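K.L.:
How does the following fold in three dimensions:
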Amino acid sequence: MGLPLSPRTLLGGGKAREAAALRERTGADAAVFLSPLSPQQRRVLTELLGCPVLSLADLRGQGPYR
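P.N.:
Numbering: from 1, shown residues only. Sure, this is the predicted structure:
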């Protein structure tokens, strides 16, 4: 991981595109990130991936999507 992560997406540009392509190929209904996400990161990732984006905290009932 020599390239910096984007504060907008929590991913580098290549990984963000790779995640979007994977979501498209698999038809996943949502994407789950293990790391906490800021509201901005969630918004940008939702737009980029074309599906709802959740964090592990959401699934544990600790995030904004309880």
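K.L.:
and the longest helix seen in the chain, how far out from the chain's middle?
P.N.:
Selection of the longest helix in the chain by residue count, based on DSSP state H, yields helix 13-26. In terms of C-alpha atoms, centre = their mean, to the nearest Å, the centre of helix 13-26 is found 10 Å from the chain centre.
K.L.:
If you count contacts, what does the helix or strand following that helix end up packed against?
P.N.:
Counting by DSSP states H and E, the next helix or strand C-terminal to helix 13-26 is strand 31-33. Counting contacts by 3 or more C-beta pairs under 8 Å, 6 or more residues apart in numbering; DSSP states H and E, strand 31-33 is packed against helix 39-49, strand 53-55, helix 56-59. Bear in mind the C-beta positions are built from the backbone N, C-alpha and C, glycine included.
K.L.:
what about residue 41, neighbour count?
P.N.:
20 (other C-beta atoms under 10 Å).
K.L.:
cool, and the one 5 residues further on?
P.N.:
Using other C-beta under 10 Å, residue 46 is surrounded by 16 other residues.
K.L.:
leaving aside the residues next to it on the chain, what's closest to it?
P.N.:
residue 53 (4.8 Å; C-beta to C-beta, 6 or more residues apart in numbering).
K.L.:
ok so, going back, which one of the helices and strands packed on strand 31-33 has the most crowded surroundings?
P.N.:
strand 53-55 (a mean of 22; mean count of other C-beta atoms under 10 Å).
K.L.:
ok, back up a step: and the residue nearest to residue 46, how far from residue 40?
P.N.:
12 Å (C-beta to C-beta, to the nearest Å).
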